[in-house]
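**Q** structure for this input, please:
(one chain, ligands or ions: 2)
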Amino acid sequence: MKAYENISLVKLKVNGETRDVAIRPADTLLRVLREKLGLTAAKPGCENGDCGACTVLINEKPVKSCMKLAVEVDAGAEIITLEGIKNSIIQETFLEEDGFQCGYCTPGFLVNAYALLKEHPDADDKLAKEWLESNICRCTGYEGIRNALKLAQEKLK
Ligand code: FES
Ligand code: FES
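**A** Ligands and ions are numbered 1, 2, ... in the order given. Next up is the predicted model:
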């Protein structure tokens, strides 16, 4: 039927689970995660690649899911959202160090910081700053975020 012409049925592996989903060519991964798979931790902020609130991991690399079409995700790629990294050290230290204020940017920062800790557990201040530059906190809570990251690095040693 014409109405369904542009809809593809795909399988996405999200947080270790393979999910069947119907997507249109223009559906971003962010919209598919939130609206079709019920995973609402990744947030729509700018939806233009600038703020990082929508960050998820694809094969362990941080990706802005608003800038990725769902049809572009390779079959078998491992997508991890904040829901998939519950109870991580970085979440604990964000709480301990007040790494958030309104919290809207927090899921993106947590996912990106989680990736940094995995790839560069000993990242110095310069690397950590550069890594997290892809995320913006409109409440300017950067000091708490930096402190949370440092504390997580100490706890992981
Ligand atoms: S919502 Fe994706 S970068 Fe801002
Ligand atoms: S805590 Fe409000 S935008 Fe970062």
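**Q** what's near enough to touch E119?
**A** Contact partners of E119, counting by CB atoms under 8 Å, 6 or more residues apart in numbering, are E60. For every residue, glycine as well, the C-beta is placed using N, CA and C.
**Q** look at it and report its pLDDT.
**A** According to the prediction, E119 has pLDDT 97.
**Q** same check, this time on A3
**A** Note for A3: predicted pLDDT of 51.
**Q** ligand 1 contacts on this structure?
**A** Applying CB under 6 Å from any ligand atom, one finds that the chain approaches ligand 1 through 44-47, 49-54, 64, 66.
**Q** most neighbours among those residues, please name it.
**A** C54 (29 neighbours; other CB atoms under 10 Å).
**Q** how far away is that residue from K155?
**A** Distance check for C54 against K155: by CB to CB, to the nearest Å, it reads 27 Å.
**Q** could you pull out the helices for the chain?
**A** Using DSSP state H, the helices of the chain run over 29-31, 89-96, 106-119, 125-132, 142-156.
**Q** tell me which of those helices is the most buried.
**A** Most buried of the helices of the chain by mean neighbour count (mean count of other CB atoms under 10 Å) is helix 29-31; its value is a mean of 24.
**Q** other residues contacting stretch 78-90?
**A** 12-16, 29, 33, 39, 41-42, 56-60, 73, 91, 107, 110-111, 113-114, 117, 148-149, 152, 155-156.
**Q** what's the burial count for N48?
**A** When neighbours are defined as other CB under 10 Å, N48 has 9 of them.
**Q** quick one, phi/psi of it?
**A** phi -140, psi 10 (degrees, to the nearest 10).
**Q** spell out which residues of the protein are next to ligand 2.
**A** 100-105, 137-139, 141.
**Q** of the residues you listed, closest to A22?
**A** Closest approach to A22 among the residues of the chain next to ligand 2 (CB to CB): Y104, at 28.8 Å.
**Q** and that closest one, what's its pLDDT?
**A** 98.
**Q** now do the same contact list for the nearest residue to D125 once chain neighbours are set aside.
**A** Leaving aside its sequence neighbours, D125 sits nearest to R146 (CB to CB, 6 or more residues apart in numbering; 7.8 Å). The contact partners of R146, by CB under 8 Å, 6+ apart, come to 125, 128-129.
**Q** please redo it, this time with the cut-off set to 10 Å
**A** 97, 99, 113, 125, 128-129, 132 (CB atoms under 10 Å, 6 or more residues apart in numbering).
**Q** I appreciate the help and will end here.
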